[in-house]
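J.: model the following, please.
(2 chains, ligands or ions: 2)
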Amino acid sequence: MTKRYPGGVTAVDGLTLRVPQGSVFGFLGPNGAGKTTTMRMLVGLVRPTSGRIRVLGQPPGTPNKLRRVGALIESPAFYPHLSGLDNLRLAARYAGAPDSAPSRVLAEVGLAERARSAFRTYSLGMKQRLGVAAALLKEPSLLILDEPTNGLDPAGVSEIRELLRSLGRRGRTVLLSSHVLAEVEQVCDRIAVLNRGRLVADGTADELRAALGGGQLLIAADPTDKALACLRDHRGVRAVEAVDGTLRVSTDPALAADLNRTLVEAGIDVRELRTVRHSLEEAFLELTSTTGSSG
Amino acid sequence: MIASVRAAWFADRKRPAVWAVTVTWVAMALAFGVGVPYLVHLALAGDPKQAEDAASLLDAVLPGQLVPTGIALFPLFGGAIVVILGAVVVGNEYRWGTLNLIFTQRPRRAQVLAGHAVALCALTLLLVVLTFAALAVVTTLLALVEGRGLDWPPAGDLAGAVAAAWLICAAHASLGYLLAIAFRSTATAIAVGLVWTLVLENAISGLALVLSPLEVVQKLLLAPSSGALAGALGARSQFEGGTPGVIDSAGAGPPVAVLLAYVVLMFGLGTWLAARRDVG
Ligand SMILES: Nc1ncnc2c1ncn2[C@@H]1O[C@H](COP(=O)(O)OP(=O)(O)OP(=O)(O)O)[C@@H](O)[C@H]1O
Ligand SMILES: [Mg+2]
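T.: Numbering: from 1, shown residues only, chains lettered A, B, ... in the order given. Ligands and ions are numbered 1, 2, ... in the order given. Alright, predicted model coming up:
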């Protein structure tokens, strides 16, 4: 799908994405990558310039399917003069959700105490919680959350994380966008990385790391120069350099045992062998620092 | 659809701005419709040369004249206020981003918007009824103070006046509604709406006095049609010392048709526009 806004900004550029049912799917990208735009298209708020979208098997925005989709997109928007509870009642009325739904979801996001205060008196984090609560109203089978932990305190962040995990366990599909990598890494089964409207990577956290060359092995061996020569010719090794008597080997960490055996068989003493995984953070920065060819 | 209307009504009737507008309007209506004429009457009452004027001013603020006194307030003053009401009700949905919230619930967009249109019509009816009720109370009090009899207008006439005022208000509200959607904003819609009804249409009406081809155009305008409807119900036109905005009119038929067309077109166009455009 592609979305070009009037004014010429191409926010989403030929994006193709499959979100498997029942997964917690992370949508990662720097500011302006097109995450929000994509989500708006998924709920039918914005129409794609070209391309085809199917949400739960139907075009986005179909009333019947919207009943099964809960969404919090960008900042939570509510009537400032109504209380949190009244806002949810109103949304529930539009959604055709049962009367008991508002208080249930308010408890779920830890907002029950302030349910009767006007929305405009809420703190940033409370507004965000109410936004998540509204997305949960319909007990949706697909939950679309755009940076849901924006402005939440650490307790709130971990509550939301726990909530997302439990939704995932209950077989709900969750599409979560964020630029906080740790968050995505911790809760998501799969991650898609978006940059400048294009998909640059797609897979599990491990796959993303692997796609970036996985990481490094630190090997201390004697004699160092012989080990260096030996490793350089090894299959699967992209680069070796000696730093302070230690060899930094760029390779898939899964090859560690293999390399060790090779060295030992060549009569080299291996004193230490350590794996340094790329954090997803590094992977992410690497992926999004480039202009990003489609992955 | 019923659910959308109920939801819109729930949201709209709790808006402080809606009540601020309504209360301001009723106060204004009492001041212009009754307060000012009565004060002028008191000022003139002592002067025997002005006795005739003083008497007619007093008549205007007694229950017997409720229909012309009430309906005369709507073409210019009421219309302007209600443009604001229409713009506030829909424009704030854009301002607060709540259309996002609502459109991602279940209903069709057109239903959401139509719900607001219906709620808006209900609000304007309430506003009209409140206005006439307040006028009835105050004119009754004045009649008692002045020791005059209470001769009420026939119920049919009164109902006709309420219906006509409602139509005038609904047409103006639909203009505010359309503008708020077109500009996705409250403030711009109010500004454009007021300039349109108060300045532009007035200017065209003024020109129509000298350029007769413009008379046809004038008959299709919102404010002049409202004025003509008020005139047809017996309100005195501005040229005869009546209320600004009221126009002499042969019959109620043509202005009613024009105003109905406004209601249908503006609400329809606004709903269609909001339903097909991107949100956010
Ligand atoms: N309504 C709009 N009109 C024009 N351009 C827009 C509009 N909304 C977004 N854009 C542009 O589209 C691009 C993608 O924006 P989008 O909001 O989808 O990014 P994002 O990934 O959600 O970023 P963030 O992390 O900052 O929320 C940006 O360049 C933005 O300026
Ligand atoms: Mg965003």
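J.: tell me where the model's unsure across the chain.
T.: As the question left the chain open, I've gone with chain A. Applying pLDDT under 70 to chain A flags the ranges A:65, A:210-215, A:277-283, A:286-287, A:289-295.
J.: sorry, should have said chain B
T.: Looking at chain B by pLDDT under 70, you get B:280.
J.: tell me the residues of it that contact chain A?
T.: Within chain B, the positions adjacent to chain A are B:3-4, B:6-7, B:10-11, B:14-16, B:96-98, B:100-108, B:112, B:278-280 by C-beta under 8 Å from any C-beta of the partner chain. From N, CA and C alone the C-beta is placed, and that goes for glycine too.
J.: and ligand 1, which of those residues contact it?
T.: For ligand 1, no contacts are drawn from these by C-beta under 6 Å from any ligand atom.
J.: just the buried members of these?
T.: Among those, those classed as buried by 16 or more other C-beta atoms under 10 Å in any protein chain shown are B:4, B:6-7, B:10-11, B:15, B:96-98, B:100-108, B:112, B:279-280.
J.: where do the strands of the stretch 51-200 of chain A begin and end?
T.: A:69-72, A:142-146, A:173-178, A:190-195, A:198-203 (DSSP state E, counting those that start in this stretch).
J.: wait, which of those is closest to chain B?
T.: Closest of those to chain B is strand A:69-72, at 4.6 Å (criterion: C-beta to the nearest C-beta).
J.: C-alpha coordinates for that closest one, CSV please?
T.: Taking Å, rounded to 0.1, in the frame of the first residue of the first chain, the C-alpha atoms of strand A:69-72 are listed here in CSV:
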residue,chain,number,x,y,z
VAL,A,69,-11.0,-4.0,15.8
GLY,A,70,-9.9,-1.8,18.7
ALA,A,71,-7.6,1.0,18.0
LEU,A,72,-5.6,3.8,19.7
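J.: quickly check: it near chain B or not.
T.: Yes. With C-beta under 8 Å from any C-beta as the criterion, chain B is reached by strand A:69-72 at A:Val69, A:Gly70, A:Ala71.
J.: residue of the stretch 51-200 of chain A nearest ligand 1, please.
T.: A:His179 (5.3 Å; C-beta to the nearest ligand atom).
J.: which residue, other than its chain neighbours, is closest to that residue?
T.: Ranked by C-beta to C-beta, 6 or more residues apart in numbering or on different chains and with sequence neighbours excluded, the top spatial neighbour of A:His179 is A:Pro30, at 6.1 Å.
J.: what's the answer for B:Thr139, then?
T.: Closest to B:Thr139 by C-beta to C-beta, 6+ apart is B:Pro63, at 4.6 Å.
J.: pretty sure that neighbour is touching B:Asp151, no?
T.: Yes. Using C-beta atoms under 8 Å, B:Pro63 is in contact with B:Asp151, at 6.8 Å.
J.: quick check: buried residues in stretch B:26-42?
T.: Applying 16+ other C-beta under 10 Å to stretch B:26-42 flags B:Val26, B:Met28, B:Ala29, B:Leu30, B:Phe32, B:Gly33, B:Val34, B:Pro37, B:Tyr38, B:Val40, B:His41 as buried.
J.: okay, the first one and B:Ala20: tell me how far apart.
T.: According to C-beta to C-beta, to the nearest Å, B:Val26 and B:Ala20 sit 11 Å apart.
J.: now the fourth one
T.: B:Leu30 sits 16 Å away from B:Ala20, taking C-beta to C-beta as the criterion.
J.: now swap in the third one and tell me
T.: Computed as C-beta to C-beta, the B:Ala29 to B:Ala20 distance reads 15 Å.
J.: touching, A:Leu106 and A:Arg116? I think so.
T.: No. Using C-beta under 8 Å, A:Leu106 is not in contact with A:Arg116; the gap is 10.0 Å.
J.: now do the contacts for B:Val21.
T.: B:Val21 is in contact with B:Ile81, B:Ile84, B:Leu85, B:Val88, counting by C-beta atoms under 8 Å, 6 or more residues apart in numbering or on different chains.
J.: quick check: which element contains it?
T.: If you go by DSSP states H and E, B:Val21 is part of helix B:16-30.
J.: gap between that helix and the chain center?
T.: Between the centre of helix B:16-30 and the centre of its host chain there is 12 Å, according to C-alpha atoms, centre = their mean, to the nearest Å.
J.: next SSE downstream of it?
T.: Later in the chain than helix B:16-30, the nearest helix or strand by DSSP H and E is helix B:36-45.
J.: which other residues reach that following helix?
T.: B:Gln50, B:Ala51, B:Asp53, B:Ala54, B:Leu57, B:Leu58, B:Ala60, B:Val61, B:Leu142.
J.: next, the angle helix B:36-45 makes with the helix or strand just after it.
T.: Moving toward the C-terminus from helix B:36-45, the next helix or strand (DSSP H and E) is helix B:51-60. Here helix B:51-60 runs at 150 degrees with respect to helix B:36-45, directions being taken by axes from the mean of the first three to the mean of the last three C-alpha atoms, to 10 degrees.
J.: just the buried positions in helix B:51-60, please.
T.: So, applying 16+ other C-beta under 10 Å, buried residues of helix B:51-60: B:Ala54, B:Leu57, B:Leu58, B:Ala60.
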